[in-house]
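> A structural model of the following input is requested.
(one chain, ligands or ions: 1)
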Amino acid sequence: MPTGVILAGGFSTRFDGGDKAVAELAGKPMVRRVADRLAPVVSTLVVNCRGEQRESIATALERYPHEVRFAVDPEPDAGPMAGIRTGLRAVTDEYAVVVACDMPFVDRAFVESLFDRAAGHDAAVPEVDGWYQTTQAVYRAAPMADACDRALERGDSKILAPLDELDWVVVDHETLAERGWLETFENVNTRAELREAARSVASDRRNGER
Ligand SMILES: Nc1nc2c(ncn2[C@@H]2O[C@H](COP(=O)(O)OP(=O)(O)OP(=O)(O)O)[C@@H](O)[C@H]2O)c(=O)[nH]1
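Numbering: from 1, shown residues only. Presented below is the predicted three-dimensional model:
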């Protein structure tokens, strides 16, 4: 089975104090929610973060059913693409799904379909409303990490820069909407969005879904 990479190295500046990776959403740290959702479809978890986040994230991931590896940013604040590179460097499987720590509704069936789409290519990236969702995408770990290195060396930290030189496929908005997979991209940037997400979890629980 492939690897899951959770990106958690951001500074949560819109979150109004505290690290959103370990903020509790309906009683569970967000990073744990993402990890638990990935557990059925990955065999190893890599967490990309800064050194000072490691302890609190490790606590949130205690007794995770798979091996957990930490890929600590050599340089903090180098942006999400550098985080993807650092995370993918710790991957030993051919493919990995990368998911931001603030996407607590990541859909397992969607991730499985991304792996299917990526097979034989370097990446499968979903597109929502014209935006490429590079922080919930599947990559072939080594070529993507190499392409990120080259982009960073040329001083280009744009998240799409490494894809320019890779063979990548897009999962388009229409397909995502048809399959009911738009909720998988919901992300939590603020305390208000955390409260909103908690309401979604509570209402889904009432409907027996989450
Ligand atoms: N390693 C690393 N990851 C980052 C960096 N910036 C953002 N990320 C990750 O990329 C994903 C999307 O970023 P944002 O939603 O903007 O998160 P953030 O930067 O923590 O939040 P804001 O400061 O409010 O923008 C999250 O999983 C972040 O952890 C960075 O400089 N380094």
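> give me the buried positions along stretch 26-40.
Ala26, Pro29, Met30, Val31, Arg32, Arg33, Val34, Ala35, Asp36, Arg37, Leu38 (16 or more other C-beta atoms under 10 Å). C-beta here means a position set from N, CA and C on the backbone, and glycine is covered the same way.
> how long is that stretch end to end?
Length of stretch 26-40, first residue to last, C-alpha to C-alpha, to the nearest Å: 21 Å.
> and that stretch, how far from the chain's centre?
12 Å (C-alpha atoms, centre = their mean, to the nearest Å).
> one more: stretch 32-47?
Centre-to-centre, stretch 32-47 and its host chain are 10 Å apart (C-alpha atoms, centre = their mean).
> let me know the average pLDDT across it.
Stretch 32-47 carries an average pLDDT of 98.
> quick check, that stretch touching the ligand?
No. Against the ligand, stretch 32-47 shows no contacts by C-beta under 6 Å from any ligand atom, the least distance being 9.2 Å.
> residues making contact with that stretch?
1-6, 8, 25, 28, 31, 57, 60-61, 64-71, 87, 90-93, 96-97, 99-101, 103-108, 111-112, 115 (C-beta atoms under 8 Å, 6 or more residues apart in numbering).
> give me the subset of the residues you listed lying in helices.
Val31, Ile57, Ala60, Gly87, Arg108, Val111, Glu112, Phe115 (DSSP state H).
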